[in-house]
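[1] got a predicted structure plus its sequence, pasted below:
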There are 2 protein chains.
Amino acid sequence: MEIPADELNKFREMHREAKKYINLNPLQRGGVLSEAARNALDEWGDGYSVCDFCGGCLDQIKNPPVEEFVHKFLPQFLGTDVARVTNGAREGKFLIMHAIAKEGDYVILDQNAHYTSYVAAERAKLKIKYVKNSGSPEFKINPDDYAAVIEEVKKETGKPPALALLTYPDGNYGNVTDAQKTGKICNEYNVPFILNGAYSVGRMPVDAKKLNADFIVGSWHKSMASSGPVGILGAKAQYESMLFKKSEKYKIKEIELLGCTSRGLPIITLMASFPYVVERVKNYAQEVEKARFLSGKLESLGIIQMGEKPHNHDLMFFESQRLFDISQTHKSGRFFLYKELKKHGIVGIKPGLTKNFKLSTYLMSDEELKIVADAFEEIVRES
Amino acid sequence: MEIPADELNKFREMHREAKKYINLNPLQRGGVLSEAARNALDEWGDGYSVCDFCGGCLDQIKNPPVEEFVHKFLPQFLGTDVARVTNGAREGKFLIMHAIAKEGDYVILDQNAHYTSYVAAERAKLKIKYVKNSGSPEFKINPDDYAAVIEEVKKETGKPPALALLTYPDGNYGNVTDAQKTGKICNEYNVPFILNGAYSVGRMPVDAKKLNADFIVGSWHKSMASSGPVGILGAKAQYESMLFKKSEKYKIKEIELLGCTSRGLPIITLMASFPYVVERVKNYAQEVEKARFLSGKLESLGIIQMGEKPHNHDLMFFESQRLFDISQTHKSGRFFLYKELKKHGIVGIKPGLTKNFKLSTYLMSDEELKIVADAFEEIVRES
């Protein structure tokens, strides 16, 4: 059907208002491009730019140095034997479930798991059992509970679950569960253990081997200073032939990856950002300090941090009867917090939220942290 | 494991040599960014930039105008009832196969199908039957043969195949098979018909409804002036609930899309390029003229165009005993063609190929066309 040209003007005028603000959205703070990645955009922007010298496999391209990146540096960085670039952490989780489990098998998820872990399991036609969290206020996952749920599956089906997954940390509370212990328990039961590192790989040091993980997934656009969509999947060598089985007819193509995955700017930006990311994970203790600082400030205003305390991650969840009460009489109603923060040059908390919201302090400067703390103080005191 | 910073210098110095050359690679000619898309790179480069104002579903984001793009303009552009953005054409094909067919079902592919159609079927655990091409020199697909292969499947299994696919055009010969007729035959047998438009959608006018296609997939990085990886999937309304079934637990999340797909620059560049792409498909007759011009020139040098003649697409396959013979005595051996073309400022034919290769004339200027034609002439005459 003919589309009139003037109807398309909106696509000629897309601008990103949020760039002018301090952004509290945990989803976005770790994906801001490094200078090096930003500089690569123009040169590598075209469609299949990365394929100039491709022999048929993305992960074997030598110029740009994808092969060395994927097969040498990524396994080193993740503490795995093998690695591949995927279209995202969710695509990595589906890949593992689809390759390793059979339809109708059980997968164990922690109750704080991201929705994509659940949806990946649904897509792979698996059954799901949860390891429950401890409830309010900390919502912690107890590694020992994995043993109980594995036993439950064994009792029900006569065999252990096909897979177990831990969200490390989870995207709601930012709880950094003891993955090493969880992994050890899963290992003892011979249940392959997936670590979902979407909020850790690229932010904090993570070594899959030390954490007893059989698989690890990460998200480059979430935590590795890359343009989306792009993720990482690492695994122990023993799973390589199952995960990366080759096509019967096209001998060099990996079935679960549909041949190739990230073919463009996402893989370029992540390679360009990699030296920066390798360095920044070393400074994560400072990031935890920032989170604890803001947590303390907000708590002094009656805005209570849920999840682990003291906190060990930049992502935090808050609960505030105080802000909710203000919204009941404020002229902007439930949108007041969003609007008031915006007046202070701050965005990233969903419009309409007051009683429960999450935020991240990742990579904030001291000045930005102070602006955020002061803004909440002023909003609470003056409303 | 600690990675020494100086080992990472190669990621600080990635440059794209190929940008200085005329590029004959069919994979790359249609994915060169529009001016508008290039201008959007810096502003929208960060990880989850597109999610500034997301309510939970990529395809429902209003700012930038993803919702209107996906639900209004894309169906209009494709001639479908519904559409979604995927991570690529291959991901779209797998999605259709996984959602519509059951393990062990048959899918019919044309013999010229791209490897990703085969691999997607393998990943979905389907059985494959081919509609054979006519062999050398034209390698044509005859729509009537779909009826015969459907009958064959019915005879073998007692039921028609779950799906049939046509590559339109194929990526080897650039043959534009009569899709309308193929679709009509599949419709008559009630076999859902997939059109793989990776080399047509965004290059030439394509209307899925007119072509009797139940599904269509396209590739934005291949043919729509966008950064990869990003694709399009369109379908008739009757398949919507199967393709885009929602999660049991997360009611707004679509299972086969794992919630969201293209979350970053790929979707931004494709929206920014869309007004340009809508216009450029109208000029495809000129592009066919360019292809025919170069085909004629090369044939006069003994480099013979395979596939349909006269040709109807910018992608062409050539066979040349002459160039092969030269390579037998040339000091650069089988790399001579690559090296000689490079001297003329031309890349895009795989190093080492002489007897068989493909190329595209898509969007070449008259001057570039002449440079390419003259280069081949000089190489043949002087070797």
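    The structure has been received and is ready for your questions. Residues are numbered from 1 along each chain as shown, chains lettered A, B, ... in the order given.
[2] please count neighbours and contacts with C-alpha atoms only from this point.
    Noted.
[3] burial measure for A:K251, as a count.
    Applying other C-alpha atoms under 10 Å in any protein chain shown, we find 10 residues neighbouring A:K251.
[4] so it: helix, strand or coil?
    Put simply, A:K251 is coil when judged by DSSP: H, G, I helix; E, B strand; the rest coil.
[5] quick check, pLDDT for it.
    Looking at A:K251, its pLDDT reads 96.
[6] ditto for A:L166
    On the pLDDT scale, A:L166 gets 98.
[7] would you mind naming what in the stretch 101-250 of chain A lies close to chain B?
    Residues of the stretch 101-250 of chain A lying near chain B by C-alpha under 8 Å from any C-alpha of the partner chain: A:115-116, A:119-120, A:122-123, A:207, A:220-222, A:225-229, A:247, A:250.
[8] quick one: buried ones out of the residues you listed?
    A:115-116, A:119-120, A:122-123, A:207, A:220-222, A:225-229, A:247 (16 or more other C-alpha atoms under 10 Å in any protein chain shown).
[9] residue contacts, A:C54?
    A:60-62 (C-alpha atoms under 8 Å, 6 or more residues apart in numbering or on different chains).
[10] 6 Å instead, please
    Contact analysis of A:C54 by C-alpha atoms under 6 Å, 6 or more residues apart in numbering or on different chains lists A:I61.
[11] same thing with A:A83?
    Counted by C-alpha under 6 Å, 6+ apart, A:A83 has contacts A:75, A:233-234.
[12] what is the nearest of those to chain B?
    A:P75 (8.9 Å; C-alpha to the nearest C-alpha).
[13] SS state for that closest one?
    helix.
[14] that one: how many residues sit nearby?
    22.
[15] one more: A:K20?
    10.
[16] which other residues reach stretch A:260-278?
    Against stretch A:260-278 from outside (C-alpha under 6 Å, 6+ apart): A:34, A:36-37, A:45, A:48-50, A:58, A:86-87, A:202, A:226-228, A:230, B:8, B:11, B:227-229.
[17] just the ones of those in helices?
    Among the contacts of stretch A:260-278, DSSP state H puts A:36-37 in helices.
[18] least confident pick among the buried ones among the residues of the stretch 101-250 of chain A next to chain B?
    Minimum confidence in those sits at A:G228, scoring 86.
[19] contacting residues around the nearest residue to A:L233 once chain neighbours are set aside?
    Distances taken as C-alpha to C-alpha, 6 or more residues apart in numbering or on different chains place A:V217 nearest to A:L233, at 4.6 Å, with adjacent residues excluded. By C-alpha under 6 Å, 6+ apart, the residues touching A:V217 are A:89, A:196-197, A:232-233.
[20] taking the stretch 251-383 of chain A, what residue is nearest to chain B?
    Closest point on the stretch 251-383 of chain A to chain B, by C-alpha to the nearest C-alpha, is A:G264, at 4.4 Å.
[21] and that residue, how far from A:K358?
    Here the criterion is C-alpha to C-alpha, to the nearest Å. By it, A:G264 lies 32 Å from A:K358.
[22] which one's more surrounded, the two?
    Taking other C-alpha under 10 Å, A:G264 and A:K358 do not tie; A:G264 has more neighbours (27 against 22).
[23] distance of that one relative to A:S227?
    10 Å.
[24] one more: A:L27?
    From A:L27 to A:S227 the distance is 13 Å (C-alpha to C-alpha).
[25] and the helices in the stretch 151-300 of chain A?
    Using DSSP state H, counting those that start in this stretch, the helices of the stretch 151-300 of chain A run over A:179-188, A:220-223, A:240-243, A:265-280, A:284-299.
[26] which strands or helices does the second one pack on?
    Right, helix A:220-223. For helix A:220-223, there is no helix or strand it packs on, judged by 3 or more C-alpha pairs under 6 Å, 6 or more residues apart in numbering or on different chains; DSSP states H and E.
[27] and chain A, what are its domains?
    A:5-32+A:283-382, A:35-280 (automatic domain parsing).
[28] which of those domains sits most buried?
    Comparing these by mean neighbour count (mean count of other C-alpha atoms under 10 Å in any protein chain shown), domain A:35-280 ranks first with a mean of 22.
[29] endpoint to endpoint, it covers what distance?
    First-to-last residue span, domain A:35-280, C-alpha to C-alpha: 13 Å.
[30] tell me how far that domain is from the chain's mean position?
    Here domain A:35-280 is found 10 Å from its chain centre; the criterion is C-alpha atoms, centre = their mean, to the nearest Å.
[31] just to revisit the earlier point, with respect to chain B, which of the contacts of A:V217 is nearest?
    Nearest member of those to chain B, counting by C-alpha to the nearest C-alpha, is A:A89, at 10.4 Å.
[32] if I look at that closest one, how far off is A:H114?
    The value you get for A:A89 to A:H114, if C-alpha to C-alpha is used, is 11 Å.
[33] again with A:G218
    On the measure of C-alpha to C-alpha, A:G218 and A:H114 end up 13 Å apart.
[34] check A:E382 too.
    Distance from A:E382 to A:H114, by C-alpha to C-alpha: 36 Å.
[35] now swap in A:G264 and tell me
    For A:G264, the distance to A:H114 - C-alpha to C-alpha - is 27 Å.
[36] A:R203 now?
    A:R203 is 18 Å from A:H114, by C-alpha to C-alpha.
[37] check A:G234 too.
    19 Å.
[38] next: A:Y284.
    A:Y284 is 22 Å from A:H114, by C-alpha to C-alpha.
[39] again with A:P143
    18 Å.
[40] and what of A:M271?
    From A:M271 to A:H114 the distance is 26 Å (C-alpha to C-alpha).
[41] over to A:Y173?
    11 Å.
[42] for A:A5, same thing?
    41 Å.
[43] centre-most residue in chain A?
    A:A198 (2.4 Å; C-alpha atoms, centre = their mean).
[44] I'd assumed A:A113 was in contact with A:K140.
    No. Using C-alpha atoms under 6 Å, A:K140 is not in contact with A:A113; the gap is 11.8 Å.
[45] helices and strands of chain A: which one bottoms out on pLDDT?
    The helix or strand of chain A with the lowest confidence, counting by mean pLDDT, DSSP states H and E, is helix A:220-223 at a mean of 93.
[46] what's that helix in contact with?
    A:27, A:30-31, A:202-203, A:226-228, A:230-231, B:47.
[47] hmm, try it at 8 Å
    A:27-32, A:88, A:198-203, A:226-232, A:270, B:46-48.
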